[in-house]
Structure formats: C-alpha cells, structure tokens
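> here is my input, please return the structure:
(chains A and B)
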There are 2 protein chains.
Amino acid sequence: MVETRVAGIELGGTKCIASLASADGTILAQHTLPTLSPAETLPPLAVLLEQWRRDLPFAAIGVGSFGPVELDPAAPNHGHITSTSKPGWRDTDVLGALRGGHDEPWGFDTDVNAAALAEGRWGAAQGLTDYAYVTVGTGVGVGLIVNGRPTRGLAHCELGHIRVARLTGDDWAGACPYHGDCVEGLASGPAIKARLGERPIHGIPADDPVWQAVAHPLAQMCHAMLLTTAPRRILFGGGVIQGQPQLIGLIHAGLRESVAGYMAVPEAEDYCCAPGLGDKAGPLGPVALALDALEAAAETGTRAAA
Amino acid sequence: MVETRVAGIELGGTKCIASLASADGTILAQHTLPTLSPAETLPPLAVLLEQWRRDLPFAAIGVGSFGPVELDPAAPNHGHITSTSKPGWRDTDVLGALRGGHDEPWGFDTDVNAAALAEGRWGAAQGLTDYAYVTVGTGVGVGLIVNGRPTRGLAHCELGHIRVARLTGDDWAGACPYHGDCVEGLASGPAIKARLGERPIHGIPADDPVWQAVAHPLAQMCHAMLLTTAPRRILFGGGVIQGQPQLIGLIHAGLRESVAGYMAVPEAEDYCCAPGLGDKAGPLGPVALALDALEAAAETGTRAAA
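Take a look at the predicted model:
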C-alpha cells in the first residue's frame, strides 16, 4: 500500500515553511525560507512543489497565508493576498502560483485558521467543533472555528481589530494605524514596544503592570468571542505569549471578571490554553487544509458514485 | 397529495404565538396568548398542539424561545430555559412540555436565531449563508447564522452583552445589572427609558442626540460582528428600531466610521436593513425550525435507504 502524502505551504509574514507530510501529520520533508518579495519567494516554493510532485507525489495541497486573503471561491481574486500593508504583496495570487495549474485537491485559508484546524486535528482542540486559536505577535490574529469550519461571510475573522472598553486608568492611544487602541493596537508586539518607549521589552518582569494593560484588551476580545460564537476553548500562541506565558492566566481572569457572572466561564486550565502543537501548529496548518480537501474530494467522489 | 403542515411555537418574553403553517410559510392557523408563569402558559399551548395533532396533523414542530436556553442536544437539560431573570421560568423544560412525548421531528433554538432562519428562508437574507438578525427592544438579541447555521459552542449568541468603546463625551453608566454599559445596558428600551428619566420616550424627536448615544453601542456591536464572523447582511428589528427607524442609518454610518477603512463596509441599503418579514419574522421563526428539522430527517432517511 502506498502511503498518502500531502503538501502544505505556510506563508508567514517573515518566513515560509513548505512541508510534505503523511496523513497522520508526520513531517516527511520540510523547507524554510524567508518571506521576501513575491517574485523572490513564490517561484522557489513552486519549484520545490514540482520536485515533490515528480519524486514524492502528493495527493493534495494546502496553503495557509498571512492576510487579508480572499477566501470566497466565487470571487475572481480567490486565493489572493488582497489589501495587505506588506510591501509588494498586495493583490498577489499566492494560491495560483503554488498550484501551478495542477488539479490536485487543494485547500486555502488564513495562516491562523489553518493553525486552528491543525490544533483540532492533532492538538489541544481535538474533538471540539467550536474553538479559537489566537496568536499575539507582530499582530493579533484569530483562527475561529464554528460548527467545525472556519468562519467565512464577507471576510475571515479579524477580531484583533475590534475596539474595546479600556482598562480603567489606561489612556495610552494605541499603535494601530487604523484604530489606535483596538486590540492589536494595544497588545501586539510592536504595540507593546511602542508603549514601552526606551524600556527594552526583554527587561520587563512578568509582574510588571504593563502586562495587565496587554492582557486587558485580549480579555475583552475573548469576552466578545465568548458572547458571539462561544468557543469551547481558546488557544493562545505567538511570540508575545511565548515570551510572557503568564499572560494566559491574566487573560482568563480578566475574561471572567468582565463577563461578571452573566454566563459561566470554564476554569482556566480547560478554557484558556497553550496550543497542543506548540510552534508546529503553523506549519501543520496547511497540512490539515490539504487533508481536509482530500477528505472532501473523497466524499464527493463517493456520493457521485452512489 | 396531502399538504405538509408544521407547527411552530414562539415563546416570547411577553407573548407566545403558536402557528400551524404549510411548507411555504403560509399560516393556516395561529393563536396568541400572554406569557405568564410556565404553569399558566405551557399547558394551554400543549393542549392546542394536541388538538392540531388530532385534527390537522403536522409533520414536525419547531420551538423558538426567549433565553438563555440550553441548545446542546447532549446536555441533560437540552430544551430548557436556563438562567433567565424572568420570574418562574428558570430551569423550565419548554421543549419537553411542548413535544409532549411525541416523536415527530423537532427543532429548538432561541427566538432570535429562529427569526434569523425565517429571514433566510423567506425574508431579507434569502440566499445568504452568513448574516445576522438583531432585535432591539426589551433587550438586545442577536440571531447569528454562520456557514448556514446558528452558532453553537458553549452557548448561543449573546452579543448584546459585550462591553464596547464608549461614544466620546458619553459617560452614562448604563442599565445592565451585570455589565452596566454593555450594548444592552446602553441601547435596550429599558436602558433608553432609564437614561431619559422624566422625559417621555415618545416625545423625543428623531434627531435628538440621545439616538446617537443609542446607535453608537449598536454600531460597535456591528463592528465586532463584522470582524468576527463577517455577516453579509445585518437585519434590525424590535420595538426600539420600529419606533426610531432612522437608527439603522445611524448604526451603518457609525459602523463605517469605526471600521475606518480597515475593510470595506457595503453600502447601507445592502448591509444594514429592515427585516423582510417585518413582525412576522418572530412567529415564522419556529416554523422555519420545524421545516429545517423535517428536511434534515428526510435527508437522514434518504441516506439510510441508500
């Protein structure tokens, strides 16, 4: 019996990871390269995929990309990175460049939605149909799974850009170019650095009050999520969380205080958790997208044959 | 050919409407009674349903209820109203009382989710899989449809209770017993009355500044929704909106101002709209639940036979 292989490409803001994996998520081959311009980044990935197609053929491909991206399959620019502020990447057809005209089953989503699906398949959200994966790093990203699938609608989840009630006594203006003090404008890595000014971020102790000011908007974001699609678990990753893991407990405490008994918030260890896959959630995300696409294609085939 | 009939019970906070309807939503019979205690309200509805079962048999039943309700079919108290502040209704098995031991297909959801589904089937959200139905009246309720279905997770949508950034210069404390100045605490009918104090609500002109203070938290709620599940349309009903329909335009303008170009907000007439069914969305909601249940049962039967 020939083992099923799939390919997954994570297009991140700073680096790209191409993975060839088996159906159980075992990585068979992996390449990492920096995210430069589209012309410098996409062709080497396409060449690598062609090599794999020839030497280690795969059954499906998944692409998880930084965004915003167009996810509507009916849109003419489906599979494109759209209005990003990242220089050179605006209106780039990343899916088309990586599929390269091949007709293998494919999946395409944001990098955070893909990571969320990987956590559902192999990580800390196994068995759940409603959950969220939050990354706090260069930005604040949320992969939001509802009824077993990432949300769609007009766009993918962009909860990092909601405006929130402010922590009493904190009137710092925030760093988001669009909203000032939205969640990302208060809690992303660059926002924290902007707030600290001359103080180096690595010298700030874990019990410094600044972490309350970072946890508060994230707790407000969780309050909004809980009262919208009510995820059964919220996972937290990304550089800021990895550097300050005490934030997860602060966020949970802030969430519970804010909800104020209106509904029961599960205990911290069941509710606000670290990702089960650690930093493998990112590269395994597009692998999960490819496997989802493969399974959907198999189901369609079965129905067509019945 | 015998016409398919279904029964739908809308349990509202002030009145209940029992409808017998055909599959196209035509009402064949309808009874309205005030919502008193469970012992005064549920038995007459159950008797009416038994009469219909005998004289005008129906193929499925839908129940849309004020909440909070338990929607998880795996929970022991599924079909119950749970932690409501409405006297006498806490922990009441409304679904069990109305099903009465019969095994016809049934659907159960919140009154606002049910109304949203009716709008999707016959009203202003036809053809959409991602949209929302907002009622602003005694409370602020949101029926939230994602990927064609109401959201589930730990609970149904309760977006009216998120905390929001406040309108500059407005520091009124709000009227929510849990949160003070959450959306419901600022924009519900009782909140508006509390803010107005001695001024009678019916004497307030449509261009009074108070409506800006009401529209602002609703616009913030729409901002949060747009950046969470990104509904393709938001419908607004309920007594406050019916009395002050100019609020819909104010909310749309506030939403666009708040999103601040981060993503495109569709034009007002396509995005923030009145319900297509008007005040029939409520009673037709549980009819839609019954038809959904009937169609799901038929699909399961077809699969089992295949």
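> going by C-alpha atoms from here, please, whenever you check contacts or count neighbours.
OK.
> what's the pLDDT at the residue nearest to the spatial centre of chain A?
The residue lying closest to the centre of chain A (C-alpha atoms, centre = their mean) is A:Val112, at 1.0 Å. For A:Val112, the model assigns a pLDDT of 97.
> distance-wise, check the nearest residue to it once chain neighbours are set aside relative to A:Ser19.
Closest residue to A:Val112 apart from its sequence neighbours, by C-alpha to C-alpha, 6 or more residues apart in numbering or on different chains: A:Gly143 at 4.6 Å. Using C-alpha to C-alpha, to the nearest Å, A:Gly143 is found at 20 Å from A:Ser19.
> A:Val140 too?
A:Val140 sits 25 Å away from A:Ser19, going by C-alpha to C-alpha.
> please apply the same query to A:Arg54.
Counting by C-alpha to C-alpha, the gap between A:Arg54 and A:Ser19 amounts to 15 Å.
> more neighbours: those two, which one.
A:Ser19 (26 against 10; other C-alpha atoms under 10 Å in any protein chain shown).
> any idea which helix or strand carries that one?
Take DSSP states H and E as the rule and A:Ser19 turns out to sit in strand A:15-22.
> off-centre distance for that strand?
15 Å (C-alpha atoms, centre = their mean, to the nearest Å).
> just give me the neighbour total for A:Thr300.
12.
> touching, the residue nearest to the centre of chain A and A:Ile145? I think so.
No: with contact defined as C-alpha atoms under 8 Å, A:Val112 does not reach A:Ile145; the gap is 10.4 Å.
> contact residues of the stretch 201-306 of chain A facing chain B?
Residues of the stretch 201-306 of chain A found near chain B (C-alpha under 8 Å from any C-alpha of the partner chain) are A:220, A:223-232, A:258-262, A:306.
> now with 10 Å, please.
A:220-233, A:258-266, A:306 (C-alpha under 10 Å from any C-alpha of the partner chain).
> mind giving me the PyMOL command for buried ones among the residues you listed?
In PyMOL, this line selects whichever of those come out buried by 16 or more other C-alpha atoms under 10 Å in any protein chain shown:
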select buried, chain A and resi 220+221+222+223+224+225+226+227+228+229+230+231+232+233+258+259+265
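> which of the residues of the stretch 201-306 of chain A next to chain B fall within helices?
A:Gln220, A:Met221, A:Cys222, A:His223, A:Ala224, A:Met225, A:Leu226, A:Ser258, A:Val259 (DSSP state H).
> okay if I get these as a markdown table plus distance to B:Val240 and pLDDT?
As requested, these are arranged in a markdown table below (distance: C-alpha to C-alpha, whole Å; pLDDT from 0 to 100):
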| residue | distance to B:Val240 | pLDDT |
| --- | --- | --- |
| A:Gln220 | 27 | 98 |
| A:Met221 | 27 | 98 |
| A:Cys222 | 28 | 98 |
| A:His223 | 25 | 98 |
| A:Ala224 | 23 | 98 |
| A:Met225 | 26 | 98 |
| A:Leu226 | 26 | 98 |
| A:Ser258 | 27 | 98 |
| A:Val259 | 25 | 97 |
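> for the closest residue to A:Gly148 other than its chain neighbours, give me its contacts.
Closest residue to A:Gly148 apart from its sequence neighbours, by C-alpha to C-alpha, 6+ apart: A:Thr129 at 4.2 Å. A:Thr129 makes contact with A:117, A:120, A:145-150, A:231-233, B:152-153, according to C-alpha atoms under 10 Å, 6 or more residues apart in numbering or on different chains.
> among those residues, which pair sits farthest apart?
A:Leu117 and B:Arg152 (17.7 Å; C-alpha to C-alpha).
> who has more neighbours out of those two?
A:Leu117 (32 against 24).
> what residues does the residue lying closest to A:Cys222 once chain neighbours are set aside make contact with?
Leaving aside its sequence neighbours, A:Cys222 sits nearest to A:Leu255 (C-alpha to C-alpha, 6+ apart; 6.5 Å). For A:Leu255, the residues meeting the contact criterion (C-alpha under 10 Å, 6+ apart) are A:215-224, A:226, A:249, A:265, A:272.
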